[in-house]
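Participant: Sequence first, then the predicted structure, then my questions.
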Amino acid sequence: MIISPSVLSLHYEDMKNQTEQLNASGAEWMHFDVMDGHFVPNLTFGPDILKAFCRISDLFKDVHLMVTDPEFFADIFIDAGADLITFHQEVLSEEKIHGLIRHIHEKGAKAGISIKPKTDTETLRPFLNEADLFLIMSVEPGFGGQKFIPEAAEKIASLKKMLKEADSGALIQVDGGINGETAQTAADAGADVLVAGSYVFRDDIGKAVKSLCMIQPSSR
């Protein structure tokens, strides 16, 4: 299981210390939420913050664009150090999604597509063999600390089935309300990458990450 702690929940008055703990925790990725105040009712990070994290951490930089114009923001965050750019299916036409995936790959980064809780997984079918990752939101995007939506497990399982049928090697990422219990639910449904924020940064970072790393699916 790949663990991608969300730095949205990091305590920024203690950024350097918490990032050092994260580096030593066993997490492989770092999840970076970009919100524009339009697609979601919140504002978060710009590229300079990502550059700062790149200077103090070698973790894989997993950037989730919760924005209405990912075509504009993709280059900005790739240039700032993003290894993976994930954008939302809801904001672009099918043609533009194909084009943005190609462009992200040409820039040397991996490309992911995310869907909100009410968006059907069938909308992802045209991209199963193009995107590197698909992100299932298990909360409404915009704010940390929300509870995992149980119906997300069905969407993960549905997408897993679609990927197998398409012989796709894309990963399934899950973001929202992940803790020890819901992480097991997501893993059992077929998740490959878990994003966790509040659960990781509320107390002992290393202990929390280790508990998630140890989760194995009960069955696939």
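Facilitator: Received it, and whenever you're ready, just let me know what you need.
Participant: And the host helix or strand of Leu163, what's buried?
Facilitator: Element membership for Leu163, per DSSP states H and E: helix 152-165. Using 16 or more other Cβ atoms under 10 Å as the test for burial, helix 152-165 gives 152-153, 155-160, 162-163. For every residue, glycine as well, the C-beta is placed using N, CA and C.
Participant: ok, now stretch 132-146?
Facilitator: 132-139, 141-142, 144, 146.
Participant: then stretch 14-34 to CSV, C-alphas only?
Facilitator: C-alpha atoms of stretch 14-34 as CSV (Å, rounded to 0.1, in the frame of the first residue of the first chain):
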residue,chain,number,x,y,z
ASP,A,14,6.1,23.3,12.9
MET,A,15,6.5,22.6,9.2
LYS,A,16,10.2,21.7,9.1
ASN,A,17,10.0,19.3,12.1
GLN,A,18,6.8,17.6,10.8
THR,A,19,8.2,17.2,7.3
GLU,A,20,11.3,15.6,8.7
GLN,A,21,9.1,13.1,10.6
LEU,A,22,7.2,12.5,7.4
ASN,A,23,10.4,11.8,5.5
ALA,A,24,11.4,9.2,8.1
SER,A,25,7.9,7.7,8.5
GLY,A,26,7.9,5.2,5.6
ALA,A,27,5.5,7.2,3.5
GLU,A,28,6.5,7.1,-0.2
TRP,A,29,4.4,10.1,-1.4
MET,A,30,3.3,13.5,-0.3
HIS,A,31,-0.2,14.7,-1.2
PHE,A,32,-0.5,18.4,-2.1
ASP,A,33,-4.0,19.8,-2.4
VAL,A,34,-4.3,22.9,-4.7
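Participant: can you give me the strands for this protein?
Facilitator: Here the chain has its strands, by DSSP state E, at 2-5, 29-35, 60-66, 84-88, 110-115, 133-137, 171-175, 193-196.
Participant: These: which one's closest to Ala183?
Facilitator: Nearest of the strands of the chain to Ala183, taken as Cβ to Cβ: strand 193-196 at 5.4 Å.
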